[in-house]
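Asker: Sequence and predicted structure are below.
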Amino acid sequence: MIRLSLIGLAALACAAGTPAFAKVTAAEADHLGKDLTCVGAEKAGNKDGTIPEFSGKWLGTPPGMTYTPHVGEHPIDPYPNDKPLFSITAQNVAQYGDKLSDGQKAMFARYPKTFRIDVYPSRRDFRYADFVCASAKTNALNSEVGTDGLFVKNGVKGSAPFPIPKTAMEVFWNHTLPYRAYTDSTLRDYGNVLSSGAVAWGRALNLSYGIVNDPKDAGKPLEGVQAYNRSFTYLPERDKGTVTVTSEPLDFATAKRLAWTYDPGTRRVRQLPEFGFDQPLAFTGGKMTIDSDRIFNGTPERYDFKLLGKREMYIPYNTYKMHAKTVKYADLVKPGHENPDYIRYELHRVWVLEATLKKGFRHVYGKRTLFIDEDTWHTVMGDYYDTRGQLWQWGFIGYYYAFDAQIFNAGSSFYHDLNSGGYIAYNLFQEQPKGPILNKGDMTPSMFTPEAARQAGN
């Protein structure tokens, strides 16, 4: 009942056009860890029993499983015996339309013979560490959205800043700052799948240092740098040796994303005048923008955000099958769309956040709809519209709980151009000897400087 009242308050706040609410009362925060999970999801299942109660029975590797942490072992499925409950196809999609996004429904219309959603039992068994819960409680009592929604005031590191959100911008910042891995080293493959079915491949070693998620800093003030990133290109061959380093601020009102690139041809490092927004993302042939990685990233300054409440939706979840080391790209990456045999969908509650381009600002996406999992605050799907209001793209991320980092990790993702029929298979690592190496704790800010880019390139 508290969640329904909060959604109503959020709608009023959005209608007023200002963040009318900020930190919650002690009585509201007391719901965390009781009828709400420690990060703010509804603990109870739904009335139909199709979404189970949150159990949170596992922290890290489940009992009876063997997994070596921090070395890049591929994900192992804790639900190997689960079978699909039913499948959604073009023939029965209307029956389930209220639990699908516009982008999903458009995929059925474009690929009526091959696109399919296999729905598995919904699982809510993994929890966060106690320090994440402690940071969430502190944030509930103290965090506020800063001027124009460009930063968070009085928050602490270690958890999403608004576990009991009441406004669109609070949900936006939860999406921006969910608890995730603080060090991540992944050798990624990228497939630019053309409408003909041909695939242009890219490969890069990606290092991410999410400094706000370092466990030893949990509870400290949310200030300074949000994250660092470094990418070393291996494929295509013509770009081999290109290195890009970036720095992401927490306060977009006073700082901006910084980026430098090392060019192996000139053997020089140059600072990019701007990095982000709708600039094309490398390896994607223009099918992804820099700010569509993780569905939406970076400053919110070009969009007006509206909170549309919560919905029960079929979303990719517990996507271990997709990420097994036995999966071959030729089997997963098919003409038109990814092979549905590998994609696990479950019914979950998601927050729906709509971003509409502000007047006077430029971006290829006139509107974007984000679907944000209530249990993790990760955005799992996105619908993208052009500046005429026409649905253009649909993307999703295959999240799974990473035992070694005790977090939900963004695995492979797929971004579909509904006009051309092509798509991007992004962040593939199934055929690599190692998967993501998470929370090894072997990164420092000095690894993400212009000089570090030069040294990596040489």
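Answerer: Ah, there it is.

Asker: Nearest residue to residue 286 in space, ignoring adjacent ones along the chain?
Answerer: residue 280 (4.6 Å; C-beta to C-beta, 6 or more residues apart in numbering). Just so you know, the C-beta spots here come from the backbone N, C-alpha and C atoms, and that holds for glycine as well.

Asker: measure that neighbour to residue 290 for me?
Answerer: Here residue 280 is placed at a distance of 8 Å from residue 290 (C-beta to C-beta, to the nearest Å).

Asker: And the pLDDT at the residue nearest to residue 286?
Answerer: Note on residue 280: pLDDT of 97.

Asker: And the one 5 residues further on, by the same measure?
Answerer: As summarised for this prediction, residue 285 has a pLDDT of 93.

Asker: residues contacting the residue lying closest to it once chain neighbours are set aside?
Answerer: Nearest non-adjacent residue to residue 285, counting by C-beta to C-beta, 6+ apart: residue 192, 4.6 Å away. By C-beta atoms under 8 Å, 6 or more residues apart in numbering, the contact set of residue 192 is 199-202, 283-285, 287, 422, 424.

Asker: What of residue 96?
Answerer: Residue 96 neighbours (C-beta under 8 Å, 6+ apart): 88, 314.

Asker: State whether it is indeed within a strand.
Answerer: No - read with DSSP: H, G, I helix; E, B strand; the rest coil, residue 96 is helix and lies in no strand.

Asker: Look up how far residue 110 lies from residue 420.
Answerer: Taking C-beta to C-beta, one finds residue 420 at 11 Å from residue 110.

Asker: next one: residue 242
Answerer: Distance from residue 242 to residue 110, by C-beta to C-beta: 34 Å.

Asker: Look at the residue nearest to residue 286 and say how many residues are nearby.
Answerer: 13 (other C-beta atoms under 10 Å).

Asker: which residues touch it?
Answerer: Contacts of residue 280 (C-beta under 8 Å, 6+ apart): 286, 288-290.

Asker: For it, name its beta-bridge partners.
Answerer: residue 289 (DSSP bridges).

Asker: So which residues of the stretch 1-150 of the chain form strands?
Answerer: 86-88, 117-119, 144-145 (DSSP state E, counting those that start in this stretch).

Asker: Then the stretch 251-400 of the chain?
Answerer: Assigned by DSSP E, counting those that start in this stretch, the strands in the stretch 251-400 of the chain fall at 258-263, 268-271, 303-316, 345-357, 367-373, 379-385, 391-402.

Asker: how about stretch 413-423: buried residues?
Answerer: Buried residues in stretch 413-423, defined by neighbour count with 16 or more other C-beta atoms under 10 Å: 413-418, 421-423.

Asker: cool, stretch 330-340 as well?
Answerer: So, applying 16+ other C-beta under 10 Å, buried residues of stretch 330-340: 332-338, 340.

Asker: Residue 202 and residue 426, how far apart?
Answerer: 10 Å.

Asker: between the two, what contacts are shared?
Answerer: residue 190.

Asker: Hmm, residue 403 and residue 67 touching each other?
Answerer: Yes - Residue 67 lies in contact with residue 403 (C-beta atoms under 8 Å); the separation is 5.0 Å.

Asker: between those two, which one's more packed in?
Answerer: Neighbour count, other C-beta under 10 Å: between residue 67 and residue 403, residue 403 has more, with 23 against 16.
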